[in-house]
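**Q** what's the 3D shape of this:
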Amino acid sequence: MTSTPTPPITGIVQLLDVMTKLRDPENGCPWDVKQDFKSLARYTIEEAYEVVEAIENDDHEHLCEELGDLLLQIVFQAQIADEQSLFSFDDVAAREAQKMIDRHPHVFGDRVGVDSAADVLRNWEVDKAAKKAEKAKDKPHGVLDDVNTALPAMSRGLKLQQRAARVGFDWGNPTDIIAKIREETDELEAEIAQGKTNADKIEGELGDLFFAMINLARHLDIDPERALRTTNTKFKRRFKYIENTLRQRGQPIAEASLDEMESLWQEAKKGE
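**A** Numbers count the residues shown, from 1 in each chain. Below you'll find the model as predicted:
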């Protein structure tokens, strides 16, 4: 009589087993046992940003590692929930699988007429709106009510604009938004002229200018977060050129004049 071969242990099964052992109150890791939903929240955000950084750098080996770190956060949270009889990792995965099935009737159902990614997104938003309307039958539900307040300000601004645009509250074209940006810039300049004692109004006008810039990015189909990350990288690269050039000259950067540094900045810019 031949025995049935034992199936190989998959990576996810191994990871779930590791997390169970780490959380064991008697034999686990004191730090892991101490954690809860709230204490892990910031690590989840950090890991998500590190995934994005690996993607932006086209660093596929690092991406694999960072995706694992992000997956660990999901497994960690699910393990805590399982210990409290709230839900399990399998519940998380199964619910997400069903959500994807529901949101892709052109793949898993009988819906036709989906010819592009834009069609998919449009149908997705319609389905989401219908489900929210069904849930809100017994109580009023605002268009912006469930935009997550924990999102970074730029991401939340973009989400708020997208939601408002669904019901027609939107600019017609980028040219109109550029005019609005000029208007907001003028208003900011006017508040700055009043002096630093006007700090609250200056902050408000600066926020309005940021919001208008996000709106322009949205109309140009540009991710504002990615655009700013690209500029951050560019700034670091050019500033590094200034540092390296001055170091080669034997000149401490703290002793360089602004004109010298600006000249080197322009050299770095031309070299790109």
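**Q** quick one: residue 197 from residue 207, how far?
**A** Counting by CB to CB, to the nearest Å, the gap from residue 197 to residue 207 is 18 Å. The way it works is simple: take the backbone N, C-alpha and C, and place the C-beta from them, glycine included.
**Q** how about the residue most central in space within the chain, what does it touch?
**A** Computing the C-alpha centroid of the chain and ranking residues by CA atoms, centre = their mean puts residue 155 first, at 6.5 Å. By CB atoms under 8 Å, 6 or more residues apart in numbering, residue 155 lies in contact with residue 225.
**Q** where does it land on pLDDT?
**A** The score at residue 155 is 91. That number is its pLDDT.
**Q** least trustworthy helix or strand in the protein by mean pLDDT?
**A** In the chain, the helix or strand scored least confidently by mean pLDDT, DSSP states H and E is helix 117-135, which has a mean of 71.
**Q** The next helix or strand after that helix to helix 117-135, inter-axis angle?
**A** Helices and strands here follow DSSP states H and E; after helix 117-135, the next one along the chain is helix 153-166. If you take axes from the mean of the first three to the mean of the last three CA atoms, to 10 degrees, helix 153-166 sits at 80 degrees to helix 117-135.
**Q** For helix 153-166, buried residues please.
**A** Neighbour counts using 16 or more other CB atoms under 10 Å place 154, 155, 156, 157, 158, 160, 161, 163 of helix 153-166 among the buried residues.
**Q** just those residues now: which is nearest residue 126?
**A** Residue 126 lies nearest to residue 163 out of the buried residues of helix 153-166, by CB to CB, at 13.7 Å.
**Q** is it true that the closest one touches residue 141?
**A** No: contact between residue 163 and residue 141 fails when scored by CB atoms under 8 Å: they sit 11.7 Å apart.
**Q** picking that back up, and of the buried residues of helix 153-166, the nearest to residue 252?
**A** Nearest member of those to residue 252, counting by CB to CB, is residue 154, at 35.7 Å.
**Q** Contact partners for that closest one?
**A** Here residue 154 is in contact with 210, 214, 224, 225, 228 (CB under 8 Å, 6+ apart).
**Q** And residue 202, by the same measure?
**A** Listed by CB under 8 Å, 6+ apart, the contact set of residue 202 reads 188, 191, 192, 196.
**Q** Quick one: the residues you listed as a markdown table, columns for neighbour count too.
**A** Output for these, formatted as a markdown table (neighbours: other CB atoms under 10 Å):
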| residue | neighbour count |
| --- | --- |
| 188 | 19 |
| 191 | 18 |
| 192 | 14 |
| 196 | 7 |
